[in-house]
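>>> let me see the structure of the following:
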Amino acid sequence: MDTVKPEEEVINIEEGADHHKNTDKSEDKEETSENNSFADYENESTSLLPQVAPVRPRSNRVYWADCARIFSMIGIIMLHSSGYGCEQNLRKKKDPKWKIICCYNCFTRFGVPIKAGDFIKLFVVGEEYLWFIYMIIGCYMISPFLRLFSDNIVLARYFLGLCLFWGSLVPTLRNIFTSYKYNNAKNELDTWTNRWHFHFTLGFVGYFVAGYHLMKHVTIKNIFIRIILYVFGIADAIAICYFTISLEVIDKKKYSKDFRDTYTLTIAIYSIILFIFFKHEIGRIKFSEKAIKIISKLSSLTFGMYLSHMIIKTMLPKYIGISQTKFFSINYSPVIGVPIFCIIITILSLLISYVLSIIPILNRYVL
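Numbers count the residues shown, from 1 in each chain. From the prediction side, this is the model:
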């Protein structure tokens, strides 16, 4: 009987393994070639079908805030269209339609009021026209300090409470005491507030923090509570109109801002409820891709509209013959003239802003 030496056995095993590997490789090649041919067939068949672009994930952009921005810009234009000059001219003529113009103005007081005469004078100086930009820059300058407590709900609401009390309630009380001739009460209030020397939460910083807080930390899921808020907001807007008109009826020479000024409690409440409405109601809308493109584009043009709309408002009556009471040679009531004037200014300022936005330097560094 022949015996196999260990060395020969090892060699035979290695040869068997090599043969097995070669067999596996040939099978893998055949399988790979079959897969490649199937893939080629699949690619050829799918190439005959219409190609669908991959679905892009939606960005985290807050589109209801863009809608609020667009609405605010239209409100600003309406505010200036129904501003001081238009209302006072009607009052001088003893035209009762001034009350409707006053309501237009009051309903859009969440915007930014600028008198046309002051605008012409101060545009050259460069102060009043850009006050809004300076204010925003000022808010961002102190934003590192505001961030220290802005996400702490308790501290943020404590800060907002101080803003509401010192920045809105106290000025409103002062306006009421002044308008209704409560001189003793006004003097007592002035004496009391002067002793505090409290200025930290005055100005627009309250609106700045409130916008951030409402966006991130306030969600009202109960529809009944939201409806109550909206009804209260409507009642507040009506109250602004009523008290403003009543004060101007009493004092025929006065242009009252006692209830429609930016620093009044009535406007603060009106603005906050309007913000809540956009977040909860407009924010629930599922916009289509086309609507998102339109909203994003219009929102990006609002700053250019803000820069140009007062120039247009000043030039239209002077050089073209379009105003709140006149369209070229056609005279009409300011009740319909103010909205028409607002629409014309909105369209023209939008076109100017669009033209400016396609200029490379302005598009990159300004708009």
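>>> who's in contact with the nearest residue to M73 once chain neighbours are set aside?
Nearest residue to M73 in three dimensions, chain neighbours excluded: T302, at 4.3 Å (Cβ to Cβ, 6 or more residues apart in numbering). Where you see a C-beta, it was placed from the backbone N, CA and C, and this is true even at glycine. By Cβ atoms under 8 Å, 6 or more residues apart in numbering, the contact list for T302 reads 69-70, 72-73, 353.
>>> confirm that T302 sits in a strand.
No. Under the criterion used here (DSSP: H, G, I helix; E, B strand; the rest coil), T302 is helix, not part of a strand.
>>> show the pLDDT at it.
As predicted, T302 sits at a pLDDT of 93.
>>> now the helices for the stretch 151-300 of the chain?
If DSSP state H, counting those that start in this stretch is used as the criterion, the helices of the stretch 151-300 of the chain fall at 153-164, 170-179, 183-196, 205-217, 223-250, 265-280, 289-315.
>>> and the residue nearest the centre of the chain, how far from P317?
Geometric centre of the chain, nearest residue: R69, 2.8 Å, by Cα atoms, centre = their mean. Separation of R69 from P317 (Cβ to Cβ, to the nearest Å) stands at 28 Å.
>>> and Y270, by the same measure?
Using Cβ to Cβ, Y270 is found at 30 Å from P317.
>>> the two: which is more packed in?
Per other Cβ atoms under 10 Å, whichever of Y270 and P317 has more neighbours is Y270, with 23 against 16.
>>> residues in contact with S333?
S333 makes contacts with 97, 325, as judged by Cβ under 8 Å, 6+ apart.
>>> L229 - how many residues pack around it?
Using other Cβ under 10 Å, L229 has 17 neighbouring residues.
>>> tell me the pLDDT of it.
We note a pLDDT of 97 for L229 in this prediction.
>>> my read: it touches I220, true?
Yes. With contact defined as Cβ atoms under 8 Å, L229 counts as touching I220 (7.4 Å).
>>> any residues in contact with both of the two?
Counting by Cβ under 8 Å, 6+ apart, the residues touching both L229 and I220 are I276.
>>> quick one: buried residues of stretch 321-333?
If you call a residue buried by 16 or more other Cβ atoms under 10 Å, then stretch 321-333 has these buried ones: 322-327.
>>> end to end, how far does it reach?
Distance between the boundary residues of stretch 321-333 (Cα to Cα, to the nearest Å) amounts to 15 Å.
>>> quick one on the thing from earlier: redo the helices of the stretch 151-300 of the chain as TSV? Include distance to Y134.
Listed next are those as TSV, based on distance: least, Cβ to Cβ, whole Å:
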stretch	distance to Y134
helix 153-164	19
helix 170-179	21
helix 183-196	25
helix 205-217	13
helix 223-250	27
helix 265-280	20
helix 289-315	14
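>>> which of those sits closest to Y332?
Closest approach to Y332 among the helices of the stretch 151-300 of the chain (Cβ to Cβ): helix 289-315, 17.7 Å.
>>> and that closest one, which residues are buried?
Neighbour-count burial for helix 289-315 [16+ other Cβ under 10 Å]: 295, 298-313.
>>> one more: stretch 186-199?
Burial within stretch 186-199, assessed by neighbour count using 16+ other Cβ under 10 Å, is assigned to 186, 189.
>>> CA atoms of it as CSV?
What follows is stretch 186-199, C-alpha atoms only, in CSV (Å, rounded to 0.1, in the frame of the first residue of the first chain):
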residue,chain,number,x,y,z
LYS,A,186,-50.3,113.2,34.5
ASN,A,187,-48.1,115.2,36.8
GLU,A,188,-48.1,112.4,39.4
LEU,A,189,-47.3,109.9,36.8
ASP,A,190,-44.4,111.9,35.4
THR,A,191,-43.0,112.5,38.9
TRP,A,192,-43.2,108.8,39.7
THR,A,193,-41.6,107.6,36.4
ASN,A,194,-38.9,110.2,36.6
ARG,A,195,-37.8,108.9,40.0
TRP,A,196,-37.2,105.5,38.5
HIS,A,197,-34.9,106.6,35.7
PHE,A,198,-35.8,103.3,34.0
HIS,A,199,-34.8,103.2,30.3
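>>> what's it in contact with?
Stretch 186-199 has contacts (Cβ under 8 Å, 6+ apart) with 166, 170, 173-174, 177-178.
>>> next: stretch 245-262.
Stretch 245-262 is contacted from outside by 84, 87-88, 91, 99, 102-103, 105-106, 109, 113, 171-172, 175-176, 178-179, 204, 239-240, 243-244, 264, 266-267, using Cβ under 8 Å, 6+ apart.
>>> which among these count as buried?
Buried members of those, scored by 16+ other Cβ under 10 Å, are 84, 87, 91, 99, 102-103, 105-106, 109, 113, 171-172, 175-176, 179, 204, 240, 243-244, 264, 266-267.
>>> filter the buried residues of stretch 321-333 down to just the ones in helices.
Residues of the buried residues of stretch 321-333 located in helices (DSSP state H): none.
>>> where in this structure is pLDDT low?
Residue ranges of the chain with pLDDT under 70: 1-59, 111-131, 365-367.
>>> tell me how the chain divides into domains.
If you go by the TED database, the domain ranges for the chain are 85-285, 289-366.
>>> now do H80 against K252, distance only.
When H80 is compared with K252 (using Cβ to Cβ), they lie 23 Å apart.
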